[in-house]
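**Q** sequence and predicted structure are below.
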Amino acid sequence: MKKLQHHFVLLIKLLLVLPLTGCFCMQKMEVLPKSLPNAKVGNPYYAKIEVWGGKVIDYSFYYDIKPENSGLELSIPSYFESHVSYNDLEVKGVPKAAGTISIELSGLTYATMCPGSKFNKTYIIKVEE
């Protein structure tokens, strides 16, 4: 009887601890790469950006490219007609003027057993003649 009681207590502890481990094992949000390569005026530019640590919620995703007429745009690839991934992004275009271009990204991830995470990242691209 004592052995059965001991196993029952272990089972209860496991059931109480297991849901909490999801929060402790949560991945940290990370936007990669850490920086984007420089660009040259008039030359085609391409760079990939990946968001790690959870699936980005479409309606929470925000981006801003300054200056607006820089020649670069952010592309959000769609893998199927109904599936767009805000975790896999592409910066492409042809820079129009020397200077700097800033790309600001932010958003939230879906919650699972724990709350979702928020991310913010700003890239600065130096455009040379």
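**A** Arrived safely, thanks for sending.
**Q** point out where the protein drops to low pLDDT.
**A** 1-2, 6-7, 9-11, 13-27, 80-82, 113 (pLDDT under 70).
**Q** and if we set it to 50?
**A** For the chain, no stretch is flagged by pLDDT under 50.
**Q** and the strands in the chain, which stretches?
**A** Using DSSP state E, the strands of the chain run over residues 30-32, 39-40, 45-52, 62-66, 72-75, 78-80, 83-84, 88-93, 99-108, 118-128.
**Q** for those strands, which one ends up most surrounded?
**A** strand 39-40 (a mean of 20; mean count of other Cβ atoms under 10 Å). C-betas here are computed from N, CA, C, even on glycine.
**Q** contact partners for the residue lying closest to Gly99 once chain neighbours are set aside?
**A** Leaving aside its sequence neighbours, Gly99 sits nearest to Val127 (Cβ to Cβ, 6 or more residues apart in numbering; 5.7 Å). Counting by Cβ atoms under 8 Å, 6 or more residues apart in numbering, Val127 makes contact with Asn38, Ala39, Lys40, Val41, Ser70, Pro95, Ala97, Ala98, Gly99, Thr100, Ile101.
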